[in-house]
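> here's a sequence, model it:
(2 chains)
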Amino acid sequence: MTTVTVRIPTPLRAYTRGADEVRAQGATVAEALRALGTACDGLLTRVLTPEGEPRQFVNIYLGSRNVRALRGMETPVNEGDVISIVPAVAGGSA
Amino acid sequence: MKAKERRLAELRAAVREVTPREALALQVRGAALIDVREADEIAQGSPPGAYRLGRGFLELKIEDAVPDFEQEVVVMCNSGVRSLFAAEDLMRLGYAKLFNMVGGFARWKNEGLPMEIPPRLDPAARERYSRHLLMPEVGETGQLRLLASKVLLIGAGGLGSPAAMYLAAAGVGTIAIIDHDVVDRSNLQRQILHTDARVGTSKVASAKQTLEALNPAVKVTALEVRLSSDNVEDVIEGFDVVVDGSDNFPTRYLVNDACVRFGIPNVHGSVYRFEGQTSVFWPRYPKRRGPCYRCLYPEPPPAELAPSCAEAGVLGVLPGVVGLLQSVETLKILLGIGDPLVGRLILYDALRARFTELELPRDPHCRYCGDGAAFPGYVDYEQFCAQAAQVA
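Numbers count the residues shown, from 1 in each chain, chains lettered A, B, ... in the order given. This is a model prediction of the structure:
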């Protein structure tokens, strides 16, 4: 089984007991995120639609590439790959 | 015949001569016009668009001005003699299509051809910007370009503060800041434009006071209004770069849409506790098509996933790091140097001390910047963000 590291953005760390990185297993991005969702209850619905696609305010990266530019959620992963969940962040001025 | 005259006769035979009028026609069709006169002569006037390189530094500077050895090059001085020697030097460097302008600038002026008095830095400015002037990437030309530039900052807060300070210090000639808020004591942990004595006063007025104290040559425009669909075009049009340091999604989408419409680079920064993001959204960047903010995030997240700094907190210095990355990108764009963050996102994780670069693909079907997209107009951004949050 392939093990990848998933980087968790700050707003979602409430679902990972504060961890900024979580290891997950799966052969594709979708499988790894499903495994993450099983381990971290409530996280996946914040990231993916019911159909399993990234929500409009979230991008999923494999390494430095947006999975949209690869094979989407079905993009295969390799041992040691890093998946980043990158949500829109508003903060700046106030 | 003197040696000088013999040499000149040889050079006249080797270098094609053109009249000032022919030189102008060559320049119009793409030739580089090189003015090799001394600075005090050039200060009296020079053809518009000429490269004023001076005879002394010609060989050292010419390749930055004319990197293509096959480009047509017209050399000029005041009478057409010094330029002949300069042409000989350029020939030795490898420039193949050289012309000497007979009669020089004196004849150019007599024939009533266009001229301009080139702007120059005064002694105080030369001293202030001396560290810029030493670098070939900036130099006097670049510094004059910064002084002629106009930057609009969205927000005089955590990101806008450091960005504005360094842009003013760098000599960006016109800086406008829009913010409708007043200084709160809780701002002072990170918003370095403001002071304890100015708590309760207008943020943009405070910003203007600080920036003008730092660099009196900078024109600071304080816009104490809330940016909205109604005023966005009047506010944004005419700026060279917009620096987005806003704190809410409706403003971010509004700024994006207006920047896409006017083709203005949108230097983006956002922060959250110990993390920051920065990128340049500029679909009309001439060197490669980049995405806009909507390509990256077609819709904003629900409030629970995107609390503001007021709700979630932020390490005070974090917006300092991100705001300065925004300033660096802004100066690069204004100077036309380096590779801007177009199509790339930098994530900064302060706790891990890690920068991560991610690729940002553009969405060819984006409603705002996609292939063949006509500007769909502004929307009610508060409603758009509230609705998106409910659906999510």
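
> now stretch B:344-358: mean pLDDT?
Stretch B:344-358 shows a mean pLDDT of 96 in the predicted model.

> and B:L26, how many neighbours?
Counted with other Cβ atoms under 10 Å in any protein chain shown, the neighbours of B:L26 add up to 19. The C-beta positions use only the backbone N, C-alpha and C, and glycine is treated the same way.

> correction: B:R344
B:R344 has 17 nearby residues by other Cβ under 10 Å.

> next one: B:A168
Neighbours of B:A168 (other Cβ under 10 Å): 25.

> and whichever strand or helix holds it, how far from the chain's centre?
Following DSSP states H and E, one finds B:A168 within helix B:160-170. Here helix B:160-170 is found 14 Å from its chain centre; the criterion is Cα atoms, centre = their mean, to the nearest Å.

> ok, and the helix or strand in chain A with the lowest average confidence?
helix A:44-47 (a mean of 92; mean pLDDT, DSSP states H and E).

> which parts of it are buried?
A:R46, A:V47 (16 or more other Cβ atoms under 10 Å in any protein chain shown).

> chain center to it: distance?
With Cα atoms, centre = their mean, you get 9 Å for helix A:44-47.

> hmm, it touching chain B?
Yes: if you take Cβ under 8 Å from any Cβ of the partner chain as the test, helix A:44-47 does meet chain B, through A:R46.

> the very next helix or strand once past that helix packs against which elements?
Downstream of helix A:44-47, the first helix or strand assigned by DSSP H and E is strand A:58-62. On a contact count with 3 or more Cβ pairs under 8 Å, 6 or more residues apart in numbering or on different chains; DSSP states H and E, strand A:58-62 meets helix A:29-39, helix A:44-47, strand A:82-87.

> cutoff 6 Å now
Contacts defined by 3 or more Cβ pairs under 6 Å, 6 or more residues apart in numbering or on different chains; DSSP states H and E place strand A:58-62 against strand A:82-87.

> what helices and strands are in contact with the strand it packs on?
strand A:3-7, strand A:58-62.

> run through the residues of the stretch 51-200 of chain B sitting next to chain A.
B:G155, B:G157, B:L159 (Cβ under 6 Å from any Cβ of the partner chain).

> picking up where we left off before, pLDDT of the helix holding B:A168, averaged?
98.

> now do stretch B:368-387
pLDDT averaged over stretch B:368-387 gives 88.

> contact partners for the most centrally placed residue in chain A?
Residue closest to the average C-alpha location in chain A (Cα atoms, centre = their mean): A:I85, at 4.2 Å. When contacts are counted by Cβ atoms under 6 Å, 6 or more residues apart in numbering or on different chains, A:I85 is found next to A:P9, A:V47.

> state the pLDDT value of it.
95.

> which SSE is the nearest residue to B:A176 once chain neighbours are set aside in?
In space, not counting the residues next to it along the chain, B:A176 is nearest to B:T221; the distance is 4.0 Å by Cβ to Cβ, 6 or more residues apart in numbering or on different chains. According to DSSP H and E, B:T221 maps onto strand B:219-223.

> work out the gap between the very next helix or strand once past that strand and the centre of the chain.
As assigned by DSSP H and E, the chain's next helix or strand after strand B:219-223 is helix B:232-236. Averaging C-alpha positions (Cα atoms, centre = their mean) puts helix B:232-236 19 Å from its chain's average.

> what residues of helix B:232-236 count as buried?
B:V232, B:V235, B:I236.

> for the closest residue to the last one other than its chain neighbours, phi and psi?
Distances taken as Cβ to Cβ, 6+ apart put B:A258 closest to B:I236, at 4.7 Å, once the chain neighbours are dropped. Note on B:A258: backbone dihedrals following degrees, to the nearest 10 are phi -70, psi -40.
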